[in-house]
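Q: sequence? don't have it. structure:
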């Protein structure tokens, strides 16, 4: 992995990295993330959770609890393995490693669903990477922001703060009906916490009383 991806930009005018605690580098998949799309994943396919190398994620456990057959290992490198029928995973969000993993998945040409910062779809590298596969990709849009887990004192717990970005699911060769691409379930926001300024059209959080 020493060579740089040909799709990796020298300069990025729009950051697509999550703005989170800079001291932390790993934010994990919640069970809710996979539950939201469980109806879109074929039950007769073996899932490869491909991004578990050296991870504390409970992703495999969560997928199995949802009734799927899953393979994966915290010692497996996705650049050296080719497992399962489809890939369901939360890839790293940072820089070049993300792009190289997507290159690898396209090389394997295996159907997949991954979680992706939605800003990525506007970048030059994304369009260049998928230019020959545009008919094979779909965006699954969640209801509200996707929430993550983090590791604190050796325990996996929900993140105390939501991400500052919106994420989506990127599907490849999954052939999902268009009517199912906008999820009806997911994280919901209680708009009663906000009041609308009629003149500005902006929301302001109510003070707790």
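A: Yep, that arrived. What you see is a predicted model, and the numbers here were worked out from it, not measured in a lab.
Q: How about the contacts made by the residue nearest the centre of the chain?
A: Residue closest to the average C-alpha location in the chain (Cα atoms, centre = their mean): residue 115, at 1.3 Å. Each residue near residue 115 by Cβ atoms under 8 Å, 6 or more residues apart in numbering is listed here: 29, 33, 89, 90, 91, 146, 167, 168, 169, 170. In this view, the C-beta of every residue, glycine as well, is placed from N, C-alpha and C.
Q: Please apply the same query to residue 83.
A: Here residue 83 is in contact with 46, 48, 50, 71, 72, 76 (Cβ under 8 Å, 6+ apart).
Q: Just want to check the distance between it and residue 119.
A: 30 Å (Cβ to Cβ, to the nearest Å).
Q: Lowest-scoring secondary structure element of this protein by mean pLDDT?
A: Lowest on mean pLDDT, DSSP states H and E among the helices and strands of the chain sits strand 194-196, with a mean of 37.
Q: So which of the contacts of residue 115 wins on neighbours?
A: residue 169 (27 neighbours; other Cβ atoms under 10 Å).
Q: if I read this right, that one contacts residue 137, doesn't it?
A: No - in this structure, residue 169 is not within contact of residue 137 by Cβ atoms under 8 Å, at 10.9 Å.
Q: May I ask you to name the longest helix in this structure?
A: Scanning the chain for the longest helix, with DSSP state H as the assignment, gives helix 95-108.
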